[in-house]
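Colleague: With the sequence up front, the predicted model follows.
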Amino acid sequence: MGHLDHASLGWLTPALSYVMACIGAALGLRCTVRALGTTGRARRNWLVTAASAIGTGIWTMHFVAMLGFSVSGTDIRYDVPLTILSLLVAMIVVCAGVFAVGYSRDRTRALLLGGLTTGLGVASMHYLGMAAVRLHGDVTYDPVLVGVSVLIAVVAATAALWAGLNIKSPIAVTVASLVMGAAVSSMHYTGMFAVRVHVTPSGEVLPGATAMQFIFPLAVGLGSYLFITSAFVALSPTAGEREASASAQRPVHNPAG
């Protein structure tokens, strides 16, 4: 049995991964609030941005945390196609959940169905990412902890969609984002504590890319996307601000004139 270290770089990777989860959640919530205040193409565009932000935040959180994952007695590599597939899964399922809530007339039903779908998708992303891990040995899982991690993912996803529907103020969004970031991080580390590795020493070269060759550059790129999109959303006027601006620009008619 190889010794697993989930924070081989110290508190840097857990802390940074939590920050990325919070940023993705905050950006997704703000975009959802903007979407619900619009119609037509604008709503669709805001919902797509919300889904990409949440999906990117969750994926980046997972793989930033994985930068600190190590197993004694073996190197670790990552299968590139499977890793990319895990990112696509995160994007697609979050998009499905967000659109279900954004367009459904029965919000309660959409919330439950969207939360379940998105939560299972987030869990699938996590375990697809773990399936991409290549090492000298066999990886198994504690089924109870796997079940707990999936349950956390479903609850966190449902809470995120509920917050998108009901939370409007920036302060409330910030608090909700911190809670959601904690929930996503809890899901990740619960899933990681379920991992068991039986190391089989070997001199063969492992297939795939190292974390620093592939995961780190991709995580940096996606993190940059989140920061740039956050700035764009922060600088974009809300529907209320646009209406106020339009009202101020309308000419004032003087009945006496």
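Modeller: Sure, I can see it. Model, not experiment: these values are computed from the prediction.
Colleague: and after the helix or strand where residue 17 lies, which helix or strand comes next?
Modeller: Using DSSP states H and E, residue 17 falls within helix 12-36. Later in the chain than helix 12-36, the nearest helix or strand by DSSP H and E is helix 40-66.
Colleague: what about stretch 201-215, start to end distance?
Modeller: End-to-end distance of stretch 201-215 (Cα to Cα, to the nearest Å): 24 Å.
Colleague: hmm, who's touching that stretch?
Modeller: 63, 66-67, 73-80, 83, 132, 134-136 (Cβ atoms under 8 Å, 6 or more residues apart in numbering). In short, each C-beta sits where N, CA and C put it, glycine included.
Colleague: Swap in 10 Å and give it another go.
Modeller: If you take Cβ atoms under 10 Å, 6 or more residues apart in numbering as the criterion, stretch 201-215 is touched by 2, 60, 62-64, 66-70, 73-84, 129, 132-137, 216-219.
Colleague: Would you mind confirming that residue 139 makes contact with residue 192?
Modeller: No. In this structure residue 139 lies outside contact range of residue 192 using Cβ atoms under 10 Å: 11.3 Å.
Colleague: So for those two, which sits in the more crowded spot?
Modeller: Applying other Cβ atoms under 10 Å to residue 139 and residue 192 shows that residue 192 carries more neighbours, namely 18 against 15.
Colleague: Now list the buried members of the contacts of stretch 201-215.
Modeller: Buried members of the contacts of stretch 201-215, counted by 16 or more other Cβ atoms under 10 Å: 2, 60, 62-64, 66-70, 74, 76-80, 82-83, 129, 132-137, 218-219.
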